[in-house]
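>>> everything below, folded, please.
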Amino acid sequence: MEQDKTAIRNAATVIVLRDRASDPAILMGQRGAKAAFMPNKFVFPGGAVDKADAGIPLAAPLPQVCADRLTEQAAEDLGHALAVAAVRELWEETGLILGKPGHWPGAVPDDWTSFAATGHLPAADALQFVFRALTPPGRPRRFDARFFLVDAVEISGDLDDFTHASDELSHLQWIPLKDARRFDLPFITEVVLAEVAGRVDDPTPPESVPYFHNNDEASLFLRLRGYPMPEAG
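Numbers count the residues shown, from 1 in each chain. The predicted structure follows:
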C-alpha cells in the first residue's frame, strides 16, 4: 500500500553538541536539491520513525525525565521507538555510533546489520529530549519531530569519520554554534538553535520542553510538562 504523504509522521532529530565547554559546535549536513522536504537546507541528522523501531532493543533507556516528557500529547509507548529512530538516523546519515559495546540478542534486523557489525547495541541514556515541533499544514511532508540533544563525548569512535554515512546529507560538518545562522536553515532549526545555545552550560535534561504546535487554526508555542512560553518583549 502506498504511503499517505499528507499524514503526519513521528520523527526524531539528533543535535550532537561538541566541545560545549570551549567552542561549542553542532553537526549538520545539507539536504539534496531534489529532496521533497526542505531541499538544499542545512539540517540536523534525523528522520521518520519506522514501524520496526518499536521492537529494537536498547542497551540503556532514555533518562526518565525525558521519557516522561515524550508521553505528553503522544502515545505512552512511543518514547522507545523515537529513541531508537534517533540512534538509527544518526548512524545512517552520519556514520556516528551512539551505543554501548555488546552483542545483539537473536537475529539482527536488516536495517541494523552495519551498526551491529561495529560491536555495539543502540543506547538512549545520553539522549536529552529538548524540543518538539509539528510541521505546519500545507507542506509536502508533515512531521511531529522530537529533537534530542546529545553531547559528542557520548559518541563512540572518531567524531570526524563520516565514511559510513549514507548520501542523504552532503557537506557533513561541525559548525561552530555561533556561526550556524550564516547557513541556509529552516525556520524551525533557527528556533531550536536558540534553545540549544541556552543549554550549553547545563548538562542535565530539561524539566520542561518547548513545543511548536501548528494546526489549521494557529501556530502555538507551548511547553510540555510546564507552562505556556512567555511572550517576547
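>>> where along this structure do the strands fall?
Counting by DSSP state E, the chain has these strands, from start to end: 8-18, 25-31, 42-43, 46-48, 99-101, 120-122, 128-134, 142-151, 169-176, 209-214, 219-224.
>>> just give the closest residue to Cys89, not the sequence neighbours.
No Cys there; residue 89 is Glu. Gly47 (4.5 Å; Cβ to Cβ, 6 or more residues apart in numbering). No exception for glycine: its C-beta is placed from N, CA and C like everyone else's.
>>> kindly provide the distance from that neighbour to Arg88.
Remark: distance between Gly47 and Arg88 (Cβ to Cβ, to the nearest Å) = 8 Å.
>>> what's the answer for Gln64, then?
From Gln64 to Arg88 the distance is 22 Å (Cβ to Cβ).
>>> those two: which is more packed in?
Arg88 (24 against 9; other Cβ atoms under 10 Å).
>>> OK, contacts around that one?
Asp50, Asp53, Ile56, Asp111, Trp112, Phe115, Pro122 (Cβ atoms under 8 Å, 6 or more residues apart in numbering).
>>> what segments of this protein are helices?
64-70, 78-94, 113-116, 187-197 (DSSP state H).
>>> now the second one, how far from the centre of its chain.
So the one you mean is helix 78-94. 7 Å (Cα atoms, centre = their mean, to the nearest Å).
>>> so for that helix, what's the average pLDDT?
For helix 78-94, mean pLDDT rounds to 97.
>>> likewise for the first one?
Per-residue pLDDT values over helix 64-70 give a mean of 94.
>>> surely Thr118 meets Leu98?
No - with contact defined as Cβ atoms under 8 Å, Thr118 and Leu98 do not form a contacting pair (11.0 Å).
>>> overlap in contacts, these two.
Ser156.
>>> specify the beta-bridge partners of Val14.
Phe148 (DSSP bridges).
>>> separation between it and Ala133?
14 Å.
>>> over to Arg9?
13 Å.
>>> between these two, who's got more neighbours?
Between Arg9 and Ala133, Ala133 has the larger neighbour count (other Cβ under 10 Å), namely 24 against 17.
>>> model confidence score at the more buried one, please.
Per-residue confidence at Ala133 stands at 93 (pLDDT).
>>> excluding residues flanking it in the chain, which one is nearest it?
Sequence neighbours aside, Phe212 is the residue nearest to Ala133 in space, at 4.2 Å (criterion: Cβ to Cβ, 6+ apart).
>>> just Trp174 next, same as before
Excluding the flanking residues, the one nearest Trp174 by Cβ to Cβ, 6+ apart is Ala25, at 4.3 Å.
>>> these two touch, right, that neighbour and Leu193?
No - Ala25 is beyond contact range of Leu193, at 12.0 Å (criterion: Cβ under 8 Å).
>>> who touches both of these two?
Common contacts of Ala25 and Leu193 (Cβ under 8 Å, 6+ apart): Leu177.
>>> any stretches of the chain with poor pLDDT?
1-6, 33-39, 215-221, 226-233 (pLDDT under 70).
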